Each structure stands twice: as structure tokens, then as C-alpha cells.
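S.K.: Dropping a prediction and its sequence here:
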Amino acid sequence: MTTKLSVLKPLFRFSLILMSVFILSRIALLVWQHQRLADGDSLAVLFGGLRVDLSSLGYLSALAVLMLLAHVLLRSKTAFFKHVFTLYSSIVVTLIVVVEASTPAFITQYDVRPNRLFVEYLDYPQEVFSMLLHGHLFAMISTLIIATLSCVFAYRFINAAFSKQQNAKTVSQVVILVTTLLVCLISARGTVSHRPLNPALVYFSSDSLINSLALNSTYSVAFAIKNMGNEKNASSLYGTMPRDEILQTVKQAAYKQQFITESIPTLANNTPFNTGKQKNLVIILEESLGARFVGELGGIGVTPELDKLYQQGWGFDNLYATGTRSVRGIEAVTT
């Protein structure tokens, strides 16, 4: 029996690494955020996390099993599929380690595991790299070192498993691998109900961070990408209309008799109904200036001139951040 099961040794080592990364990362995050945990939260997070980890392992291992099947059936290509399996496993392990290693910095910034923002901000590589370089240099270097070491270890550890395989009948190996593939697919689904596993099935707390700890960061990002792909394009919900007709409709609805220039078709003078004294309203937008720098807001006090303005006019002190991108802050101020 041991001889027949030896075909699964590379897969076993691959699975062992993944589960170790998922579980150890979650335990480390629980220890770090222990002050946020209520009684019983740790067990709920670990139990729910195990379900999510097994589901993630099922998805990632299914393709690996297919490679092992090709390795068994196509004897003339055995060496090729051996390298493909080892390379695939090493890349997957490295990517998962990178995402998990970047999780603490992401939690510090957003108070939740990596989610759709982890992907959306990749559209701004220059800004993201600049932020990492100037604000998270240690985390970035540490992640690169850990990822490199993980890749080397995974490649050697998994590659060595092939040398320990024992010869067995092809039919027996195929039966074992097909059975393993079915187990992987069932594990990936995560439940026998009509809906597959999703984050809602492991969420239990009113604290979004604690709920997200029940996931692993790879699953969290993958689930966010899946949901982004299912989102409908808002423009597709509307019909089409010729540009001239659009402009004419807007002009009629604006109740304006005269527009200023054809180069800006909807530009017109708006005469206010109240022609009294203008209000002295000044909106100041400061790039990358958070409340932690402003003395009047309890910060370190490096904005003396802004602090003076707080004494001369209104100043809000109960603030809410709409995001970390300037464009989101600007639209929040002006709408």
C-alpha cells in the first residue's frame, strides 16, 4: 500500500507547506490582535479558518493532481511534468507567502485582511511602490527575503519527494490520483449544501478584522477578485444616444437661454438668486496630511499655521477617512 501511495508524496509535501503557512500565519495574527478577541473568538477563528484553508488547498491542489496524472500516464514526458509540478508548487507557495507576509502591514493600514483594495491599487504601481519604499521599507525587504527563502525551500523539499517515489502499477496510481482529485474538488467546495463555501459561513463577529482572520489572505483576495468580475458595468445599464441629442437635452433641462462657447457646450453663467454679501468660505486640501500631524486634532503638532486657523473658524475634529487615495478624499470634501 505504501508503494502505491508514494505517488502522492510530492502532493503531500506541497499540501503540508501550504497548510503550515496558513495556520501559522493565522495563529501569529491572533496573538498580535489578542486584545480584540472576546472569549471563544480564537477557537471560532481557528475552526472557521481550517474550513477556509482546506477549501483553498482543494483549489490549489486540484491542478497539481492533474499534473501528477500526466506524470504517471505520459511516461515519455515524466521528467517534464516533474519539473512543471515542482515549479508550479514553488510559485504557488511563494505567492501565498508574499500575500501572508504583507498582511500585517495591510491590517495596520485598513484594519482588515487584504481584500479588493489589494488588487485595485495595483493600477497605480508608481504610487504603490513609492508608498512601500518610503513607508513600509522594512516590511517590503522582509517580505522579499522570506519569499525568496520560501521559494528555494519549497522547490528543494517538493523536488526531493519524486526521488522517494516507488514503482507501482500505472492503474493503481491512476485510481489513487483520480480519487485524490475528487477529494480535492469536494474540499474546494467546502460544504455539501447547495451553495459552496463563502466568507459568510465562517463570519461570526461584529468586528470585521476578527471575521477576516477566519479567512486566509489568499482566499480573501481571490474572493474579492471573483466578486469584482461579477460586478455589472454601470454604463451597460443605460441605452445609447447621439452626442448632439445629449447636449440638446441637457441644455433644455438647464433652462438657459445662452451658452458661452461651443468648445464647452454646457458652459453658462449662473446668476445666483441671493446677491447679498458673499460668504467667506475657504476649503483647504492638503496632500498626504493626516490628522496625526495636526496638533489641534491630537497629532504631533507640525502644522502651527493650520492650528491657528482652527482658532479663527470652524474645525471638525470627528473625522472619517474615505480611503487612502487623494481622489477619494477630494470627492468626499466636495460632495
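M.R.: Here it is on my side, so go on. Only a predicted model underlies this, so the values are computations on that prediction, with no experimental measurement involved.

S.K.: now Val294: how far from Asn318?
M.R.: 14 Å (CB to CB, to the nearest Å). From N, CA and C alone the C-beta is placed, and that goes for glycine too.

S.K.: Neighbour count for these two, which is higher?
M.R.: Between Val294 and Asn318, Val294 has the larger neighbour count (other CB atoms under 10 Å), namely 22 against 5.

S.K.: Can you pull the phi/psi pair for that one?
M.R.: Backbone torsions of Val294, given as degrees, to the nearest 10, read phi -90, psi 120.

S.K.: Over to Ile225?
M.R.: The phi/psi pair for Ile225 (degrees, to the nearest 10) is phi -60, psi -40.

S.K.: That one - nearest residue in space that isn't next to it in sequence?
M.R.: Take Ile225 and drop its neighbours on the chain: the residue closest to it by CB to CB, 6 or more residues apart in numbering is Val119, 5.9 Å away.

S.K.: Does the one you found lie in a helix or a strand, and which?
M.R.: Taking DSSP states H and E as the definition, Val119 sits inside helix 116-120.

S.K.: Any idea how far stretch 78-92 is from the middle of the chain?
M.R.: 26 Å (CA atoms, centre = their mean, to the nearest Å).

S.K.: Could you do stretch 33-53 as well?
M.R.: 20 Å.

S.K.: same question, stretch 149-169
M.R.: Counting by CA atoms, centre = their mean, stretch 149-169 comes out at 30 Å from the chain centroid.

S.K.: swap in stretch 14-26?
M.R.: 18 Å.

S.K.: Let's see that stretch as PDB, backbone CA atoms only.
M.R.: What follows is stretch 14-26, C-alpha atoms only, in PDB (Å, rounded to 0.1, in the frame of the first residue of the first chain):
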ATOM      1  CA  PHE A  14       3.000  20.700  -1.200                       C
ATOM      2  CA  SER A  15      -0.100  20.500   1.000                       C
ATOM      3  CA  LEU A  16       2.000  20.300   4.200                       C
ATOM      4  CA  ILE A  17       3.700  23.600   3.300                       C
ATOM      5  CA  LEU A  18       0.500  25.400   2.400                       C
ATOM      6  CA  MET A  19      -1.400  24.400   5.500                       C
ATOM      7  CA  SER A  20       1.600  25.200   7.700                       C
ATOM      8  CA  VAL A  21       1.800  28.700   6.100                       C
ATOM      9  CA  PHE A  22      -2.000  29.300   6.500                       C
ATOM     10  CA  ILE A  23      -2.200  28.000  10.100                       C
ATOM     11  CA  LEU A  24       1.000  29.600  11.400                       C
ATOM     12  CA  SER A  25       0.100  32.900   9.800                       C
ATOM     13  CA  ARG A  26      -3.400  32.900  11.400                       C
END
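
S.K.: pLDDT on that stretch, on average?
M.R.: The average pLDDT for stretch 14-26 rounds to 97.

S.K.: What lies in contact with stretch 98-106?
M.R.: With CB atoms under 8 Å, 6 or more residues apart in numbering as the test, stretch 98-106 has contacts from 21-22, 25, 29, 32, 112-114, 118, 136, 139, 142-143, 146-147, 216-218, 221.

S.K.: Can you show me the helices along the stretch 151-300 of the chain?
M.R.: Assigned by DSSP state H, counting those that start in this stretch, the helices in the stretch 151-300 of the chain fall at 170-189, 208-213, 217-230, 243-254.

S.K.: Out of those helices, flag the one nearest Lys308.
M.R.: The closest of the helices of the stretch 151-300 of the chain to Lys308 is helix 208-213. By CB to CB, the value is 37.5 Å.

S.K.: who's in contact with that closest one?
M.R.: So helix 208-213 is contacted by 26, 29-30, 33, 36-37, 41, 45, 49, 107, 111-113, 115, 199, 202-205, 220 (CB under 8 Å, 6+ apart).

S.K.: Tell me if I'm right that Ser205 and Asp39 touch.
M.R.: No - applying CB atoms under 8 Å as the test, Ser205 and Asp39 come out as separate, 11.9 Å apart.

S.K.: These two: which is more packed in?
M.R.: A count of neighbours by other CB under 10 Å puts Ser205 above the other of Ser205 and Asp39, at 17 against 6.

S.K.: Tell me, how many residues neighbour the residue nearest to the more buried one when sequence neighbours are not counted?
M.R.: Closest residue to Ser205 apart from its sequence neighbours, by CB to CB, 6+ apart: Asn211 at 5.2 Å. When neighbours are counted by other CB under 10 Å, Asn211 registers 21.

S.K.: For Asn211, give its distance to Gly58.
M.R.: For Asn211, the distance to Gly58 - CB to CB - is 22 Å.

S.K.: What of Leu201?
M.R.: Distance from Leu201 to Gly58, by CB to CB: 15 Å.

S.K.: likewise Leu297?
M.R.: Counting by CB to CB - Leu297 and Gly58 are separated by 48 Å.

S.K.: same question, Leu209
M.R.: Taking CB to CB, one finds Leu209 at 26 Å from Gly58.

S.K.: Kindly report the same for Leu289.
M.R.: Taken as CB to CB, the span from Leu289 to Gly58 is 47 Å.
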